[in-house]
Structure formats: structure tokens, C-alpha cells
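A.B. asks: Fold the stuff below for me.
(chains A and B)
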Protein chains: 2
Amino acid sequence: MSATGLRDYLDGPHKAARDLVRDGLAANAELLDAGLELSRSEYRDKVFDVLQQITAEGHTGRGFPKEFGGQGDPGGFIAGFETLAFGDLSLMVKAGVQFGLFAGAILHLGTTRHHDEYLTDAIEGRLPGCFAMTETGHGSNVQALGTTATYDPATQEFVIHTPTPAARKDYIGNAARHGRMAAVFAQLVVGGESHGVHCLLVPIRTAAGDPMPGVTLTDCGPKLGLNGVDNGRIVFDRVRVPRTALLDRYAQVDAEGNYSSEIENPDRRFFTMLGTLVQGRVSVGGAAINASKVALTIAVRYANQRRQFGAPGSADESLLLDYRMHQRRLLPLLAKTYALHFAQAELVDEFVRIFAGDVADKSEHDQRALEAQAAGTKALGTWHATETIQTCREACGGAGYLAENRLATLKADTDVFTTFEGDNTVLLQLVAKGLLTNYRESFGKLDPLGTARFIAAQAVEIAVEKTALRTVVELLRDAVPNRNDSADPDAGLRDDAYHCGMLRFREEHLLAGVARRLKKGIDAGDEPFEVFNRCQDHVIAAGRAHVDRVVLEAFLAAVQAAPEGSVRDRLKELYDLHALSTLEADRAWYIEHGRLSGPRSKAITALVNELCGVVRPHAGELVDAFGVPGAAVDVPMVVPSQHE
Amino acid sequence: MSATGLRDYLDGPHKAARDLVRDGLAANAELLDAGLELSRSEYRDKVFDVLQQITAEGHTGRGFPKEFGGQGDPGGFIAGFETLAFGDLSLMVKAGVQFGLFAGAILHLGTTRHHDEYLTDAIEGRLPGCFAMTETGHGSNVQALGTTATYDPATQEFVIHTPTPAARKDYIGNAARHGRMAAVFAQLVVGGESHGVHCLLVPIRTAAGDPMPGVTLTDCGPKLGLNGVDNGRIVFDRVRVPRTALLDRYAQVDAEGNYSSEIENPDRRFFTMLGTLVQGRVSVGGAAINASKVALTIAVRYANQRRQFGAPGSADESLLLDYRMHQRRLLPLLAKTYALHFAQAELVDEFVRIFAGDVADKSEHDQRALEAQAAGTKALGTWHATETIQTCREACGGAGYLAENRLATLKADTDVFTTFEGDNTVLLQLVAKGLLTNYRESFGKLDPLGTARFIAAQAVEIAVEKTALRTVVELLRDAVPNRNDSADPDAGLRDDAYHCGMLRFREEHLLAGVARRLKKGIDAGDEPFEVFNRCQDHVIAAGRAHVDRVVLEAFLAAVQAAPEGSVRDRLKELYDLHALSTLEADRAWYIEHGRLSGPRSKAITALVNELCGVVRPHAGELVDAFGVPGAAVDVPMVVPSQHE
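C.D. replies: Numbering: from 1, shown residues only, chains lettered A, B, ... in the order given. Have a look, this model is predicted:
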């Protein structure tokens, strides 16, 4: 097999956008070593310079409307952004802050006046900006932010203020050095009444780089990774901005100080605003999946040439990748990377579909569903990156620890993905909650109390029926004929209907169980927080089970749609390995719930081993197909001749 | 409960040595920030300076014989070394290279002449040295090293040479900058005949710091962590050293070029030499366990004061540590850290017992058993550190990613522990192999071929019977009366005989299964490498099961020996949590093998949750008892007032 057909299939509809970034990465290959050789401050400036340069080349506005210099292609924009993860991740994050978060907030939360005044400058990099949401005291619970924006009708200004140390804006990318303006999330207080969190544009630095009056900017200092990004802290001391600084798409304040919004429920309003920013989560998940591809490319190529310990009767030692244990460590992760790639592609398609028209046209249901899908893919994709890069590092021994072989930097840079753009644990709760409440309007507060109360109020059984548990259980009964049949434990193990049925059963069973436990506790009059907390691990397991199923089905659909021949054959083998590994990982649960017999469970483990052997001969081509540019993966331990 | 009693019990017999290092760490607290603020080269020099300083204070010779300025207290030496892991880990590793590896090689592999000439200078830091074993081409398979030491009888010299690029010494600590002499492992060639790997002392730098003639020294450059250690590469171009440079405790070459050794079998000779260096593995495992304590101290204290999301009817948000999921993430790791602490203490006791007398007095069986125990504890302890520090980082969100909060540095510095001093996967194979061959003399080659052949030759059943499988199975039948009894799935779950019986059953069953598969394959005439490789994952699972059991029993013994009252009560709760978490983690296996019913398996999961709640109120004191000095854990996110 040549890797080309597979690579084209992976690149999909946004191949051109991906290739453009690949070329740019090759052209800026020296940035890959910048983090090792420069001081932190030089590294930050270098990243800023490269960002300005690619901005000047017109790549960064792809996702924005044409009237502001963009190309109206959000799918291509995300695909290009993901591809940046093949290179220096500080550059990628810096681009994400500027074009995804800052310019995205202006686009989605602002109105014509903001678009006309700022958007072109933001897209073309002339107005470096920050996204100032997180505070020292609040990351996950954004509704509880402490910063205030109080309207003063006398001057028609908002007063931005940090009332307590915990309300300090923290970890804000672009704040320590380059940012000139910040999209600040604050409690909007009008006429003495608080209307919840809204976003305002606040200048933080002069063109000369000095802090604006009343703004204190400090540096978060060195981090585990991403040291090319200048994360900082912002404290506001009664900083005044004009009334027009409010990004007023969803809520307006008139000159006299009258607050209005077409969305009456404050929770719905908040989540509607937040929902327009879903692109950040979509992008981080994709970036993490691509960072995994870099690590796997390096580790698989290394294992395909590194020998250690002798095979009998041969002068040669054996290749690492011929060892069962080494296959076991790397190949299921390779298969899962493919699975996540296709799940991410599906998510991007859905994102494009929802965001193609005007925001106001979208149904709330579709938008909430997209948010849940983005949250789930982000959580699984970023945890997968952490696990994969760690495993690749260990699989390359001491060489993997040296910075020159890139795994060290990848590991350090990607580590924060599991907690930024939403802590993964909180995100999986969000996924489960969406499923439990069946995307009703009341889908609101993220806090456990809200969830528990809602579920108690809505008569859980209805929600459960709506998720069609019964139907699924019945379908399964047919789809899994050899259930618990130890006479033929291998039967149908490579049947995709079996895999999907098993994952769907787990998801529905976990959800129904959570719903029952929540309702039982509430009915018994127990304290709602306690009720929720008692089954928090159960809730998160349900969320994860859902995303596992979505990912598996996305992979299966991609296999079925693939060109016949070697591309589809290779994908089917990887799909099988991924499906069986997923079942194996949670086989205890399936046995506990009567869906697997002991002998069949053992047969799954044996089949995972066998499938590792099936995939192994193609491993080199399977990583070639990721199309990671040579500059990013031709490291000394793999290509020593280029470095000595 | 006050943490003091528990801390004293944890510190055990080497409390004085630990406290001395704690005091030193507090006195050198500024080193903790050195890695963030200095250039790599300044940081290395700073670490070297601090090392010289603590050497001058006489702490570092504790483990060496009194006649060379030591204190003859190897147990105290290791305890002190482990405690260094509370501080800057570059300093710890640099100390380990100098006093553990370099001086240790002279002590254990050399004879009086080497001791008299070098040992005092090495211990007192006047002779900075390297341990030059690993090569670019060979890490795990040390017997296949490429460097040669060829005897030239005409001049009575050895010629040290690097014949191929792969034979370059690599990742050698102290080589890039400070080392003046190296203990070099090379194939000893005498009279045209190779006698396998031996160790020789080779000067690599002049007192002025220039490379010796024929020696090329290069820098491995930046690493993921431990950047205060100057790892380098060494290439020898026919470098001549006198005949006396051979560390000749186990093999001698006379002036005429006659090779002799009291150990005839070259494999046994090699492993005897290597075995004397077991202290390195013992020390790394202990260091990793202590690094976990630092991370847990930070993360538990953070979770005990950080609030996020509201509890109903309260103005306050809830403490992170009151969330079920947060308890689930941190507390089983806390319990396992205690378990590993006691397993490590037991290992150090055994090390002291074996190394107290003269090396020659030790039985080979005891020595091999110690090596296996050290290998297993090192593997589990270092993987535990990687997992724990990662989990703690994530549990602290974005704050955990900032270098100022220390988790980032801990993560980066400890990461290499899983692969240095022996790759963990290879080490678990070693453990399993030792059990399979019942520590016979033939315990030799590390390679799979040797293992498979040996097992085939020795009639596996005998070995299996010796490990007393049958007796254990019978004992179990009595010890686990409610086996698979779904009528009362909770019965006896907190009974320690049940825990030990289950872990012992798993170990013996896995071992017997491996032995049967190996024998069956060999009997069938299959290629031995293939036979071994087919069940490599099984072999490693057996090794891990053994170590799990040893760790559990060590914890249980420590609980039983603890002072009655709150110390023993707290330990018993942690022990239960650890035991049940261990069973839960592998519950699929137990169900598959008929040792758990579905309902009982679910009861275990429920009990782990319950035990998290039991341990939670004491979590603060349980980390206080680790006695990590304030300088290492009073980070801004936990103690903001000290930093602003």
C-alpha cells in the first residue's frame, strides 16, 4: 500500500487548507528549535513575529466573513489550525488566542459597529488581543466570575473593576507582553442590578506597549510548556470604557441605562453567548489529536528501526516493533488516533453546518448538541494526547527524554489541553447532563444543583424513554446472538454491529442508571448536592461512554465511505483494533452487566493481540499517511544522518 | 489526629538521615527556583556548587565504609537520598551519579588499590565522575555494548575504543561538563578473546576541564527535565589506560595478559557484577515515591481550600476535595503512595541486610531475590510517580501548569525515571523471569531466548510446584468463603486475608499460565523467540501481579506493626482503600477467572467510593505526615500570601 491514498482520505475536504499550513511549517522549521535555544522573552517575540508573518500571508482570516478580509471558510480554518499542531504549539496557541478567541468573540458576540471597527485589524494581526475570561478564583464556574462592569449613565461609560484578589484575570494568553485589547468577561451591573456575565472590549496597552491607566499587567512566568505564549494576569482598577464597548449581540444597554435582551432567562442568555465560542473547544480537540500523530510518527518509526536483544540464531537483534508488548503499547493508540481523527472531522462538518448561516437561525437544540459533541471530543482527544505522547516518550527510552527528539516538548506543550477550554472532567459532566435532560431549553446552569433539581422535576423516566433505551436493549438481543455463549466465544467479534451494539448498550445503561439514582435520591428528600455528588463518577462514566460510542460510529462510517481496496482494508483493520481495544478496556463492566462471558472476554484480549499483529506490517505507512512534515519528525534518534 | 505520630512512623529507623536532608533542603530552598531563572549552563553550575557544599558538610559519604571517610550506614544513605527528592531533582540525580553510581562502582567492582586511590576523593566530591554504561545503540541490553577495552601486553595497557557510532556512550550524567573520570563499561578483549562486559576507570577530563586526548565529549542538550544535570556523550578513540584501571574484584588480567575470574560462567559473572549496583534501582524507586508525596501534598492542600460551584442553599461554593470525583482521583493514589512507602522501606531493610557483610558472603539466591524486589519496586514506584504527578497537575487546573506551583517541574524531572536505571517493562520481565526460574543459578541472560530455553529445559511443572501454587489455591478456598456468592457480595471485603489471598491467587495463576504456555510452545518445536514473544504481555502481567502482592503485604505488615490508636487506624483505612482499589483495577481478570461474581465486583467499586469518604476528612493530616519541607510545597496557589 502507498500511504498517499490513505493520506488523501484523511485530509478530506480541507486538504488544501492543511497543505498550506504544512508548507508554512516547513518554511518556518527553525521555530521548532526556538523554544530550546532562546530565552523565554526572545521565544515569545519570535512566536509573535512568525504569527505576524503568516498573518500577512493571509492564512489566518480563512474562517471569517469575506467583508472583513476573510474567506468565509470556517471548516478550512479549523483544519488549518489543527495542522498547526504539527509544528510549534506556542505558535498554534497564540494563533488560537488571537484569531479563535479574541477575534471570534468580536465576531460572535459583537455587532456591526464592533465588526467594522475591530475585526479586520484583529484578523490581520494589527490589533493583538486577549480573551480575558478565567480568573484566579474561577475557571470552570464562569457564571461566578468576580470582575464587574458597572454602567455609569452620567458619563455613558462602563466601569471595569477587579473587586477582590480572586477576581484577577489569570492565565490570559497575550496579556503579559503583546496584547493591546482584551475581550473581558464581567458581571454586568446596570442600575444597581446584576445581569450576569457579559463581554466587553477593554484596551489594556497603548500602541507603545505600556499598560493603560488603571490596568495592572503581570506575567504568569514560566510554565510546564507553551513558553512562547505570554500568559499574564490583569487587574482593573475602575477602568472606564464607553458604552459601545459592550459586545451587544445578545444584550444591549441604552444610553439611559436600560438593559434589554431578547433572551429573557439569564442562564439561557449566558449559555447562548458562551455557545457561540464553541470553536475554541472544537479546535483544541483537533490540535490534540494531531499532536498525537506527531508523537506516533516518531515513536513508530523509531520502533521500526531500533533493535534490542537477540532473536535466536540470528546475529541481528529484534526490532522493537516486533515485540508483542511494544505493539500493545503503540498500536491501539494508533488505531484510536484514527478513530478520533474521523470523529473530529465529523464534528467540524457539524460545526460548519451550524455556523454556516446566521447565528440567529440555528435551533437551540442543534447548538446544544454541537456543544456537547465538541466538549466530548475535546475531553477524549486531549486525554488521548496526554496518554499517547507519554507512551511514545517511554517507548523511546532515554532518547525520548532529550529535547532534540521532540517528544519532550510535545508532552510539555500539550499537557494543559486537558484542563484549558474547559476541564475535561467538567466537560464530560456537561455531556452527560445534555443527554439526561434531552437538550431541553432548561439546559442551563453547569452546577450540580441545577442538574439534580432539573432531573427531579422532569420525571426522569420520560427522558430515559426518549433516549430509547428499551428499543436499544431489544435490538441488542438480536444483534448479539452469542451473548454469554462460552461454547463459541469468538463468534462475531469482528462484526461492527456487535461493537456498536455493545457501546450503545453501555451508554444507555449507564445513563438510565444515573437517572434512576438521581431521581431516587431527590424523591427521598436528600440534599440535591449530596445526591448528585454520590453518583458523580457514574455521571462522568456515562458521559465518557457516550463519546466512546460517537467516536466508534464516526470511525465505522469513515471505513464504510472509504475507497474500496487498500485504503478501506487498512482502515477496517484499524477500526477492528480500536473497537476491540475499547471493549477490552471496559470488559469488567460488560461482564458485571451480563453482556460478556469470561471466555468471550478472554477471546477479546486474544483478538486485540492478533489484530496488533495484523496492523503491525503497515504501521510505517499508517503513520506516513498522517502527512506530518519532515521538519517536525525527522529527529536525530530516527534520522541521525541529518543531524551529525 | 496529629500528623506527628504518623510522620515518625513513616520516617522509621532512618529518621535522623531524613531530617538532616530536610534541613539542608530548607537551607538551599533557592535552588528550587534555579531551574526556572538561570540559563541551562548556570543551572548546571549552581547544582554542582550546591553538591560540593553538601559534600563538604559530610552528608554524602554516609553509605560508605568508615575507612574512606564514610559512616558505614547504607540504609541511612538511601533514606537521605530519597529525601533529596523533596527538593530539586537535578541535585538528587547529580548526587546519585556521583555517590551512587560512580563511587558505588569503585566500591563494589574495584579492589583495595582502587578504593585507596579514588574512593575518598569520589565521596568528598574532589573527583567528579561518570557512570558510562549506556550507549546510543544499547540501553536495556547491556551485554551487547559495543565499546571495547583491548589489552596490549606490550605496554600493559587497555585500549578503550568506540568502534561504531552506535557504541558511543550516551545520556551519561556529569559527562557534558563536570566529570573528570568515567567508570566505563566495555567488552574486555584479552589475547584476542572477548570476555564480556567489564568496568574500567578512564580519565575523561583534565583538572582544567579539557577533554583528555582521544576523548570526545559532547552535550546531549536540553531535556524534558533535569536540566541541572549535564548529560553528555563520550567517544573514545583508542584511549590508553594502565592495566590497573580495570575494576578487578570479579575478574583479573595479569601483566602477561592472562584473564582469570573465580566465576567461570560469563553470564553469571556479568550479572554478579551488575548485581552489586542494585543500589541505583533501590534509590530511584524511593525517590519516585517521595516525588509523589510532594505532588500529593500540593494537590490535596489545594483541593482542601479551593472552591468551585455552589452547594445548594449556601453562599459558599464547595471544596474540590468534597467532590466524589476529586476524591476518586486523588485518594487512591494517596493510599498507594503509603503502600509503596512501606514496600520501599522493606526493600531498603533487605538491601542493608544483604550488603551489611562482605559482598562475597552473600548467597546468590538472596542477591537475585533482592535485585528482583528492587526491579519491581522501581517499576511500580516510578510509574506511580508519573501517574500521580500527572493527576495532581490536572486536579489543579491551569494553576497546576504554572512553574511557580512546582507540579510542572516535578512532572518533567521525574518523567525519565520510568526508563532510566532499567526500562520498567524490561524490569517487570526480569521479575517474572526470576519467579519462573525460581532463582536458579542459571538466572542469567536477560534476553527472551535465554528465558524460553531455560524454562523448556527445566521442566516447568517443577518450578510451578515450588512456587506453591497448589497450596495457595487450597488456602484460598478456605479464605474466601463467599466466592461468587451474590447473596452476600459485601462479606469480608475489608478482611486482609481476603485481599492477600486474591493477590496471591492472581500472581500464582498468571505465573503458572505463562509457564504452561512457554513449555507448550517449546515442546511443540516452535521458535523460542516467537514462543516468548507471543506471551510477553502475559509475562509482564505476571511480574506486575507479583509486585502488587509484595507491596500489599508490606503495607499490611506496616499496619500491623503500627502503634495502636490513631496511627494504626489511619493506616488501616488507607490500607483498605489501597487493597480494594487494587482489586477494582483488575476486577475483569478476577471475574474472568471465577474469583469474583458480578455483584461482588460492583460491591468493591461501591466500597472504594465509601472508603474515599472515610479517608477524606484526614487527607490534610495524611499529607502533612509526609514531612515535605515548606519550601517545596508552599506554592502560590496554596499559600498566596507568601508570594505577593
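
A.B. asks: list the buried ones in stretch A:320-340?
C.D. replies: A:320-340 (16 or more other CB atoms under 10 Å in any protein chain shown). Yep, even glycine has a C-beta here, placed from its N, CA and C like the rest.

A.B. asks: And for stretch A:103-121?
C.D. replies: Here stretch A:103-121 shows A:103-110, A:114-115, A:118-121 as buried, counting by 16+ other CB under 10 Å.

A.B. asks: which SS class is residue A:59?
C.D. replies: coil (DSSP: H, G, I helix; E, B strand; the rest coil).

A.B. asks: Counting neighbours, what do you get for it?
C.D. replies: By other CB atoms under 10 Å in any protein chain shown, 21 other residues sit near residue A:59.

A.B. asks: Okay, it and chain B: tell me how far apart.
C.D. replies: Between residue A:59 and chain B the distance is 28 Å, computed by CB to the nearest CB, to the nearest Å.

A.B. asks: contacting residues for that residue?
C.D. replies: A:20-21, A:24, A:80 (CB atoms under 8 Å, 6 or more residues apart in numbering or on different chains).

A.B. asks: Which residue in those has the weakest pLDDT?
C.D. replies: Among those, residue A:24 has the lowest pLDDT, at 90.

A.B. asks: Am I right that that residue is in contact with residue A:55?
C.D. replies: No. Counting by CB atoms under 8 Å, residue A:24 stays clear of residue A:55, with 11.3 Å between them.

A.B. asks: Skipping adjacent residues, who's closest to residue A:337 in space?
C.D. replies: Nearest residue to residue A:337, sequence neighbours excluded (CB to CB, 6 or more residues apart in numbering or on different chains): residue A:292, at 5.0 Å.

A.B. asks: Please give the element, helix or strand, for that neighbour.
C.D. replies: helix A:279-303 (DSSP states H and E).

A.B. asks: ok, then the element right after that helix?
C.D. replies: Where DSSP H and E defines the elements, the next helix or strand beyond helix A:279-303 is strand A:307-310.

A.B. asks: centre of the chain versus stretch A:39-49, how much separation?
C.D. replies: Averaging C-alpha positions (CA atoms, centre = their mean, to the nearest Å) puts stretch A:39-49 26 Å from its chain's average.

A.B. asks: So for it, mean pLDDT?
C.D. replies: Rounded mean pLDDT across stretch A:39-49 is 95.

A.B. asks: For that stretch, C-alpha coordinates in PDB please.
C.D. replies: Listed next in PDB are the C-alpha coordinates belonging to stretch A:39-49 (Å, rounded to 0.1, in the frame of the first residue of the first chain):
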ATOM      1  CA  SER A  39      15.300  32.900  26.400                       C
ATOM      2  CA  ARG A  40      11.700  32.900  27.300                       C
ATOM      3  CA  SER A  41      11.300  36.500  26.300                       C
ATOM      4  CA  GLU A  42      13.100  36.100  22.900                       C
ATOM      5  CA  TYR A  43      11.000  33.000  22.300                       C
ATOM      6  CA  ARG A  44       7.800  34.900  22.900                       C
ATOM      7  CA  ASP A  45       8.800  37.600  20.500                       C
ATOM      8  CA  LYS A  46       9.900  35.100  17.900                       C
ATOM      9  CA  VAL A  47       6.400  33.400  18.000                       C
ATOM     10  CA  PHE A  48       4.800  36.800  17.700                       C
ATOM     11  CA  ASP A  49       6.900  37.600  14.700                       C
END
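
A.B. asks: sec struct for residue A:138, please.
C.D. replies: Strictly by three-state DSSP, residue A:138 counts as coil.

A.B. asks: cool, and residue A:248?
C.D. replies: coil.

A.B. asks: doesn't residue A:110 make contact with it?
C.D. replies: Yes. Using CB under 8 Å, residue A:248 makes contact with residue A:110 at a distance of 7.3 Å.

A.B. asks: Could you double-check that residue A:623 lies in contact with residue A:304?
C.D. replies: No. Contact between residue A:623 and residue A:304 fails when scored by CB under 8 Å: they sit 9.0 Å apart.

A.B. asks: follow-up on the earlier one: among the buried residues of stretch A:320-340, name the ones in helices.
C.D. replies: Mapping these onto helices (DSSP state H) picks out A:324-340.

A.B. asks: Okay, domains of chain A per the record?
C.D. replies: Structurally, chain A divides into domains by automatic domain parsing as follows: A:3-123, A:130-266, A:279-624.

A.B. asks: Quick one: mean pLDDT over the second one.
C.D. replies: To tie it back to what came earlier, the one meant is domain A:130-266. 97.

A.B. asks: can you list the buried residues of stretch A:103-121 in TSV and add pLDDT and secondary structure?
C.D. replies: As requested, these are exported to TSV (pLDDT from 0 to 100; DSSP: H, G, I helix; E, B strand; the rest coil):
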residue	pLDDT	secondary structure
A:103	96	helix
A:104	94	helix
A:105	96	helix
A:106	97	helix
A:107	95	helix
A:108	94	helix
A:109	96	helix
A:110	97	coil
A:114	97	helix
A:115	96	helix
A:118	97	helix
A:119	95	helix
A:120	93	helix
A:121	94	helix
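
A.B. asks: what's the closest of the residues you listed to chain B?
C.D. replies: Nearest to chain B among the buried residues of stretch A:103-121, counting by CB to the nearest CB, is residue A:105 at 18.9 Å.

A.B. asks: So that closest one sits against residue A:131, correct?
C.D. replies: Yes. Using CB under 8 Å, residue A:105 is in contact with residue A:131, at 6.3 Å.
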